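1. Got a sequence here, can you model it:
(one chain, ligands or ions: 2)
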Amino acid sequence: MRAPGGPRLLLRRLREVMAEPVTAQARLDRIVVLIASNMVAEVCSLYVARADGPLELFATEGLKREAVHVTTMKPGEGLVGLIASTAEPLALSDAQSHPAFSYKPETGEEIYQSFLGVPVLRGGATLGVLVVQNRARRTYSEEEVEALQTTAMLLAELIASGELQSIVKPGVDIALRRPIALKGAPIAEGLGLGHVVLHQPRVAVTKLVADDIPAEIERLDRAIAAMRASVDELIGRTEQSGDGEHRDVLEAYRMIAHDRGWLRRLNEAVMGGLTAEAAVERVMNDARARLQRQTDPYLRDRLHDLSDLANRLLHQLAGQSLTLDPSELPENAILVARSMGPAALLDYDRHRLRGLVLEEAGAASHVAIVARALSIPAVSEVANISEIAEQGDAIIVDGGSGEVQLRPPSDVEASYAEKARLRARRQEQYRQLRETPAVTRDGVAVALHMNAGLIVDLPHLDETGAEAIGLFRTELQFMLASRFPRLADQQQLYETVLDAAGDRPVTFRTLDIGGDKVLPYMKGPEEENPALGWRAIRIGLDKPALLRTQLRAMLRAGAGRNLRIMLPMVATVDEFIAARALLDRELVFNDRCGRSRPADVKLGVMVEVPSLLWQLDEIAERADFLSVGSNDLTQYFFAADRDNRRVAARFDPLSAGFLRALAAIAEAGRRAGKPVTLCGEIGGRALEAMTLVALGYRGLSMAATSIGPVKAMILSLDAGAAAEEIAKLLARSGDAASLREPLTALAERLGVRL
Ligand code: PEP
Ligand code: MG
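-> Ligands and ions are numbered 1, 2, ... in the order given. Now for the predicted structure:
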């Protein structure tokens, strides 16, 4: 049986009703009448999902009117609830024999035998369910299912417009505004409250009904061809850069871009009367809805790809660029994206950004590094956020806990706002400490240095009152570039850093690549175990041209100034000697070029491979200074991958074994008369920093945000008393996996501010 007038006529009529100046309820009432008559059904009902969970009957033609705004279905309850939870259409010739059928006497629906229901979808969320019913037993055709789905799209727009909010009972919200609490992996500290800005804005499809179908088919074909070309171009680009992983993703894109199935569905939707945009949105809605329910990671990825491609197609049709123009960023923006490159993040105005939420990005990813450098609270691994969030939604990002609150209820928002105020007050107190020297109550001075790696880090020097840059991670420049930075580029960066630091010393670390820090343009051998593989100083010594270029750039940038260089991942004294020889050769070369030398060059070593623990005196004799890389030292000490969430937190650096190692390093430095600092994450945590000072550390380098809290701790500390107590604790607590508890108790007893 075909509907009289077909879906095109229905869509046109519906469009007219949408434009009429009537109340929301009157509009809905007319819509259900129109749909029922067009589909030759005795019943048409619209259920709308409420924020508190159930689906409420909002309008009906055919069922008893008294049931409107009275009948509700819980998600999963009855056929309507089933459609809402599966997000899939359901057509039944004998509805009452379906196991999910749930009888609601107030509706009088027992006389209707056939049932067709479709979800009302938007952005992957089910906003409601649209149903038609017939008295007689009948089979709904595929076209009828399609027609009802198309109609549901129009209703999705109506619900999303917010108009229906005016006809719900007081205190009830429609689901579009449902608050959602999500949990991801924290990648950059801080707390941000603001509004969603989609890095890849969705195109709002306002024109759903086609005026000229052949013209729409042509537009669709053109857009598909352009989309395919853009994917091919992307693949071409990654081929040149040899980025294997990225390439696999794009190959999957290419396959989908040529997939007959969804191209057929797109064409059919246009033939049914939709504009090309509306047809794409239909297909995208289906993909998103399936995505939300899919647990198989492979299929999830493919559905994601499909959704991404459909999005590209929509932008192509609308003639809009795929990503937001950075200059259009509103105030208090919280960027939401599936993934994002570091350069894209840097393009946005930092002062308008309050946070970042991503679906994919590891803590060691480049975008995470940039987010931390810019002090933008960021959380990753938040499933489907780019599909669920709507432009302008209120959102809160807690980069400490990994919590993300989308459309938070007012009490949740208030408690976060209070937390943010407290934080701001504390930050203000820390700012006031900026000029205060970090000296303990018993007069021990501890130099607080800052870790950096990007130009955007440099203003933090003044803001925090850091005495030096204790670790400049030079690999970040390499990681963000698309090819090896040339000598001149490297030199320029180092000059900029030295200029910004002025009198404050800067310790440049030579390239620490390999392991998790991969350069897309540098092909290395596949490694089974990259953390234990060819990395850092090992690469530098095997490819001396690379290390010498870097040393040359440092010597040139440091002409006439004090230069400090530090070598990462040194495992034997031999390696240090070999690197020192390269530096000496570069100094000679520098002279031969007639260039002036740095006023002083110090070459230090990072202690981050446990083998050095048994060569401490030898290495301390050779190196000008020692700096403990506690991130890697703990990783290798406990044989626990620092980026593997399962094991990273399993072992506590505040354990007797590790603290004894740290004490031994500090003592070796003292014996040899060489300065010892620490530049891993633990230096920036108050309790750990207290312990380090007690163990004899007089210099700590940390993230800019940690300087204030650590300084506050130091000002409250009696270092002598802490040293005495901790020595006692270490002597008797060798069995404990962690000394965190007794150390916390000690801090409390000594009145240390943590
Ligand atoms: C460390 O390992 O502690 C360190 C400071 O270096 P990175 O975190 O860059 O490896
Ligand atoms: Mg390291």
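
2. Would you mark the buried spots in stretch 666-675?
-> Within stretch 666-675, the residues scored as buried using 16 or more other CB atoms under 10 Å are 666, 667, 668, 669, 672, 674, 675. Any C-beta I mention is one placed from the backbone N, CA and C, and that applies to glycine too.

3. Average pLDDT for it, rounded please.
-> Predicted confidence along stretch 666-675 averages 98 (mean pLDDT).

4. any idea how far it is from the chain center?
-> Chain-centre distance of stretch 666-675: 42 Å, with CA atoms, centre = their mean, to the nearest Å.

5. for stretch 453-460, same thing?
-> 21 Å.

6. Would you map the strands across the stretch 201-350 of the chain?
-> Per DSSP state E, counting those that start in this stretch, the stretch 201-350 of the chain carries strands over the ranges 333-337.

7. For it, give the residue positioned nearest to ligand 2.
-> Closest residue of the stretch 201-350 of the chain to ligand 2, CB to the ion: residue 342 (19.7 Å).

8. Verify the contact between that residue and residue 370 for me.
-> Yes: assessed by CB atoms under 8 Å, residue 342 is found in contact with residue 370 at 4.3 Å.

9. Residues in contact with both of those two, list them for me.
-> In terms of CB atoms under 8 Å, 6 or more residues apart in numbering, residue 342 and residue 370 are both contacted by the residues residue 480.

10. show me what contacts residue 563?
-> Contact analysis of residue 563 by CB under 8 Å, 6+ apart lists 508, 554, 555, 557, 598, 600, 601, 602.

11. quick one: which of these sit in strands?
-> Counted as lying in strands by DSSP state E, out of the contacts of residue 563, are 508, 600, 601, 602.

12. what's the nearest residue to the first one if we skip its chain neighbours?
-> Think residue 508. Excluding the flanking residues, the one nearest residue 508 by CB to CB, 6 or more residues apart in numbering is residue 472, at 4.9 Å.

13. ok, is the helix or strand hosting the one you found in contact with ligand 2 or not?
-> In the assignment (DSSP states H and E), residue 472 maps to strand 469-473. No: Strand 469-473 stays clear of ligand 2 (CB under 5 Å from the ion), getting no nearer than 9.0 Å.

14. Contacts (any at all) between ligand 2 and the next helix or strand after that strand?
-> Downstream of strand 469-473, the next assigned helix or strand under DSSP H and E is helix 475-480. No: judged by CB under 5 Å from the ion, helix 475-480 makes no contact with ligand 2; its nearest approach is 10.3 Å.

15. what comes into contact with helix 475-480?
-> Under CB under 8 Å, 6+ apart, the answer for helix 475-480 is 342-343, 366, 369-370, 453-454, 484-485, 489-490, 493, 511-513, 517-519.

16. hang on, the earlier thing: which one of residue 342 and residue 370 has more residues nearby?
-> Set side by side, residue 342 and residue 370 show more neighbours around residue 370, with 25 against 20, by other CB atoms under 10 Å.

17. three-state assignment of the more buried one?
-> helix (DSSP: H, G, I helix; E, B strand; the rest coil).
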